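Q: Here is my input, please return the structure:
(one chain, ligands or ions: 2)
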Amino acid sequence: MTWVTVDRPTSEELDACVQCGLCLPVCPTFRLTGRETASPRGRLQAMSAVENGIVDVDETFAGIIDFCLGCRACEPVCPGMVPYGRVLEGARAEIVSQVPGRQRRRGWIQGSVIPSRGVMRAGAGLLSMAQSLGLTGLAPKKYERIVGGARRLRGRPGPSIGHIGGTGEAGTVGLLSGCIQDQWFRPVNQAAIDLLEMAGHRVEVPKGQTCCGALAAHDGKAKESHKMAAINVAAFAGYDIVVATGAGCSAHLGGYEHWDANGESVGGVSVDVTVAIARAIDDGRLPQLDTPRGQIAIQDPCHLRHAQGVIREPRRILEAAGYEVAESDEVAFCCGAAGLYTILQPEASAQLGNQKADQIRSTGVTRVASANPGCEMQLRSYLEDDYEIAHPIEWYLAALVEESD
Ligand code: SF4
Ligand code: SF4
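A: Ligands and ions are numbered 1, 2, ... in the order given. I've put the predicted structure just below:
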């Protein structure tokens with residue numbers, strides 16, 4: 001049997017691969033194993049074999065696809081311009097449709113729990129209590145990296161949802177509050193609101209929005225992801241810019257044309273917050289600070305660097321704050337967080353997490369900037385307690401506040 005869903009990898013997408021192998025050296029799973037089936041080229045060949053009716057979408061095929069991080073490091077180096085991230089989501093949607101039991105596994109979490117603000121709030125409340133009582137060590141082994149990598153939640157700002165403020169001479173921003181972001185990373189959303197308003201934007205966080213759908217799409221829950229995209233397309237209609245504060249979210253919004261008939265109306269105006277803030281600094285709407293603040297190590301989230309080609313902007317923001325950026329990884333290998341990868345592929349995730357932590361340690365700097373919640377949590381769980389990790393816009397806002405005191 002071949003493909004059965006509308007999200008399937010298309011023959012046009014698969015035929016774009018010319019088998020050159022340029023993607024192999026940048027692929028973390030190929031580097032870890034040396035196996036062709038753990039490489040982008042090998043995975044595309046497996047998909048072509050399904051397309052041609054040579055193999056079925058079964059557990060063997062699922063194993064090949066499951067091991068992929070979805071980091072998209074293979075995309076920028078590809079001369080055939082294979083849209084690998086899109087193809088991967090298509091293959092995963094097929095696995096969920098065709099491999100028994102896959103729809104049930106995690107489907108209700110991604111379709112109902114994660115988009116539910118009430119359930120996420122309750123979960124954050126429990127985590128906050130566990131942190132205060134020193135009980136996070138009791139978390140099941142499977143979740144210990146996630147729990148251990150979370151920020152301290154006590155004393156965090158209130159939720160951003162429903163916020164409206166700012167003058168608007170630089171245009172109106174619709175801010176995606178994010179599912180995990182609005183519970184576990186509220187200071188990042190608050191920093192985005194403060195800076196965007198300082199830069200002359202009116203900022204609205206529309207109540208009708210939901211989770212962007214990235215986690216569901218990456219896990220093959222296409223039905224849930226289409227539904228979330230439709231809700232957000234309606235909620236963000238008419239904004240000049242749509243901004244997301246997590247790199248995984250901004251990358252997914254940018255690809256909304258694949259998830260909703262009107263998705264381009266949001267995808268075409270969406271940017272990562274680092275792009276919006278760097279633009280305001282470049283335009284002189286936000287200041288460049290002159291006080292030197294020493295070095296800061298940077299980590300490039302895959303969905304910012306590989307999926308969106310955003311490399312300069314987080315550096316620009318940190319430099320405008322007065323920091324000298326210490327590079328830790330020119331290739332920008334995945335840190336191993338990759339959505340649910342920490343839970344589903346713990347060994348490979350740990351190897352990549354340790355490798356990333358070593359790269360950060362090698363800079364000799366204990367301040368770290370990361371623009372994605374999953375990466376930040378992975379870094380925190382593999383680095384020692386004296387490392388201070390925050391989003392580039394938080395480092396910048398803190399410098400502005402310090403300067404104004
Ligand atoms: S770089 Fe692109 S074209 Fe070359 S093997 Fe990899 S996916 Fe195929
Ligand atoms: S997305 Fe990442 S792990 Fe998957 S094939 Fe591409 S480079 Fe390899």
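Q: Helices of the stretch 301-405 of the chain, start to end?
A: For the stretch 301-405 of the chain, the helices defined by DSSP state H, counting those that start in this stretch occupy 302-308, 312-320, 341-344, 346-361, 373-382, 392-404.
Q: Nearest to ligand 2, out of those?
A: In terms of Cβ to the nearest ligand atom, the element of these nearest to ligand 2 is helix 302-308, at 7.3 Å. All C-beta atoms are positioned from the backbone trio N, CA, C, and that covers glycine.
Q: which strands and helices sit next to that closest one?
A: Helix 302-308 sits against helix 247-254, with contacts defined as 3 or more Cβ pairs under 8 Å, 6 or more residues apart in numbering; DSSP states H and E.
Q: tilt between the helix it packs on and helix 373-382?
A: Counting by axes from the mean of the first three to the mean of the last three Cα atoms, to 10 degrees, helix 247-254 points 160 degrees away from the direction of helix 373-382.
Q: circling back to that earlier point, for ligand 1, find the nearest of the helices of the stretch 301-405 of the chain.
A: helix 302-308 (12.9 Å).
Q: right, is that closest one up against ligand 1?
A: No. Judged by Cβ under 6 Å from any ligand atom, helix 302-308 stays clear of ligand 1, getting no closer than 12.9 Å.
Q: so for that helix, what's the average pLDDT?
A: In this model, helix 302-308 carries a mean pLDDT of 97.
Q: which residues are in contact with whichever strand or helix holds Ala280?
A: Using DSSP states H and E, the element containing Ala280 is helix 273-282. Residues outside helix 273-282 that contact it (Cβ atoms under 8 Å, 6 or more residues apart in numbering): 170, 173, 188, 192, 195-196, 199-201, 241, 243-245, 250, 286-288, 304, 310, 312-314, 316-317, 320, 371, 392-393, 396.
Q: Buried only: go through these for me.
A: 170, 173, 188, 192, 195-196, 199-201, 241, 243-245, 250, 286, 304, 310, 313-314, 316-317, 320, 371, 392-393, 396 (16 or more other Cβ atoms under 10 Å).
Q: got the contact list for Ile360?
A: Ala297, Gln299, Ser328, Val368, Leu379, Leu383, Tyr387.
Q: that older thread, out of the helices of the stretch 301-405 of the chain, nearest to Phe30?
A: Nearest to Phe30, of all the helices of the stretch 301-405 of the chain, is helix 346-361, at 11.5 Å by Cβ to Cβ.
Q: Any buried residues in the closest one, and which?
A: Buried, per 16+ other Cβ under 10 Å, within helix 346-361: Pro346, Ala348, Ser349, Ala350, Leu352, Gly353, Gln355, Lys356, Ala357, Gln359, Ile360, Arg361.
Q: Centre-most residue in this protein?
A: Nearest to the mean C-alpha position of the chain, by Cα atoms, centre = their mean, lies Gly248 at 2.0 Å.
Q: Could you verify my assumption that Asp7 touches Ile95?
A: No. Checked against Cβ atoms under 8 Å, the pair Asp7 and Ile95 is beyond contact range at 11.0 Å.
Q: and the next element down the chain from the one helix or strand in the chain whose mean pLDDT sits lowest?
A: The least trusted helix or strand in the chain, going by mean pLDDT, DSSP states H and E, turns out to be helix 107-108, with a mean of 59. Using DSSP H and E, the helix or strand that follows helix 107-108 towards the C-terminus is helix 117-133.
Q: So for that next one, mean pLDDT?
A: Averaged over helix 117-133, pLDDT sits at 72.
Q: outside of that helix, which residues touch it?
A: Applying Cβ under 8 Å, 6+ apart, the contact partners of helix 117-133 are 112-114, 135-136, 138-139, 147, 150, 152-154, 159, 161, 179-180, 182-184.
Q: Taking the stretch 151-300 of the chain, what residue is nearest to ligand 2?
A: Closest residue of the stretch 151-300 of the chain to ligand 2, Cβ to the nearest ligand atom: His218 (10.3 Å).
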